[in-house]
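Asker: Just the structure for this:
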Amino acid sequence: MSNVIISPSILSADFANLERDIKRAEKAGADWLHIDVMDGHFVPNITIGVPVTASVKKAATVPLDVHLMIENPEKYVEPFVKAGADILTFHYEAVESDEKISELISYIKSFGIKAGMSIKPKTPAEVCYKFLNELDMLLVMTVEPGFGGQKFMENCAQKVRLIREQNSGIIIQVDGGINAETGKICKDYGANSLVAGNYIYKSEDIEQAIRSLK
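Answerer: Numbers count the residues shown, from 1 in each chain. The predicted structure follows:
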């Protein structure tokens, strides 16, 4: 067992029984809960907003890992912090300049929570090097953000090794098509946090699924 942070994506949970599925994941060994926020603009899908995040916070005992796949993320930092986000991750591609990215990282951290930044599959690893010392976490997407259940892209996971060479201490999270096999590939490249949705929530044995990712 390694100390890899496992963050089940509640997007794959049963929303009619969300509290039950939160408790199941926690009991099975989840370290965080991953909340995918999509606005229908930055990505084509629409998912969870502030009210559901606040409800999840009431039911959860582990940190909430909130992934903003939205335009104008700076406008939504405070509402999601108030809703209970412990880690707030925005997309590199959703912010117009490097200066604005640094400002956004500082703004998120000013609330006393962790700041993360995510890069899409087509975005090269090099763009985030200059921000690694400011960030708490860098999220590498190994599928196009917007929909669950896509196939893992190993060429995207290779970015993890490049980022890890630049910064040994940062949390590098990978999201997209993660299972025991692809999770091992990511860990071998240097990832220390994995997001999995279908692999965990559609498993007959959630505890075994989480353990297989560790």
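
Asker: so where do the strands sit in the protein?
Answerer: 5-8, 33-38, 64-69, 87-91, 114-119, 137-141, 171-175, 193-196 (DSSP state E).

Asker: tell me what the third one is packed against?
Answerer: Yep, that's strand 64-69 we're talking about. With contacts defined as 3 or more C-beta pairs under 8 Å, 6 or more residues apart in numbering; DSSP states H and E, strand 64-69 has these neighbours: strand 33-38, helix 50-59, strand 87-91, strand 114-119. (C-beta placed from N, C-alpha, C; glycine too.)

Asker: Can you tell me which of those is nearest to Ala180?
Answerer: Closest approach to Ala180 among the helices and strands packed on strand 64-69 (C-beta to C-beta): strand 33-38, 17.6 Å.

Asker: May I have that closest one as PDB, with CA atoms only?
Answerer: Output of strand 33-38 as PDB, limited to C-alpha atoms (Å, rounded to 0.1, in the frame of the first residue of the first chain):
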ATOM      1  CA  LEU A  33     -14.500  13.000  -2.500                       C
ATOM      2  CA  HIS A  34     -14.100  14.400  -6.000                       C
ATOM      3  CA  ILE A  35     -16.900  16.800  -7.100                       C
ATOM      4  CA  ASP A  36     -17.000  17.500 -10.900                       C
ATOM      5  CA  VAL A  37     -18.500  21.000 -11.500                       C
ATOM      6  CA  MET A  38     -19.400  21.500 -15.200                       C
END
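
Asker: Use 328 as the first number from now on
Answerer: In the new numbering, first residue 328, that becomes strand 360-365.

Asker: outside of it, which residues touch it?
Answerer: Here strand 360-365 makes contact (C-beta atoms under 8 Å, 6 or more residues apart in numbering) with 334-338, 349, 352-353, 372-376, 379-380, 383, 387, 389-397, 403, 407, 412, 472-473, 502, 522, 524.

Asker: Now which of these would you call buried?
Answerer: Buried residues within these, counting neighbours by 16 or more other C-beta atoms under 10 Å: 334-338, 349, 352-353, 374-376, 379-380, 383, 387, 389-397, 403, 407, 412, 472-473, 502, 522, 524.

Asker: Please name the nearest non-neighbouring residue to Arg351.
Answerer: Ile533 (5.7 Å; C-beta to C-beta, 6 or more residues apart in numbering).

Asker: Hmm, the one you found is touching Glu353, no?
Answerer: No: in this structure Ile533 lies outside contact range of Glu353 using C-beta atoms under 8 Å: 10.2 Å.
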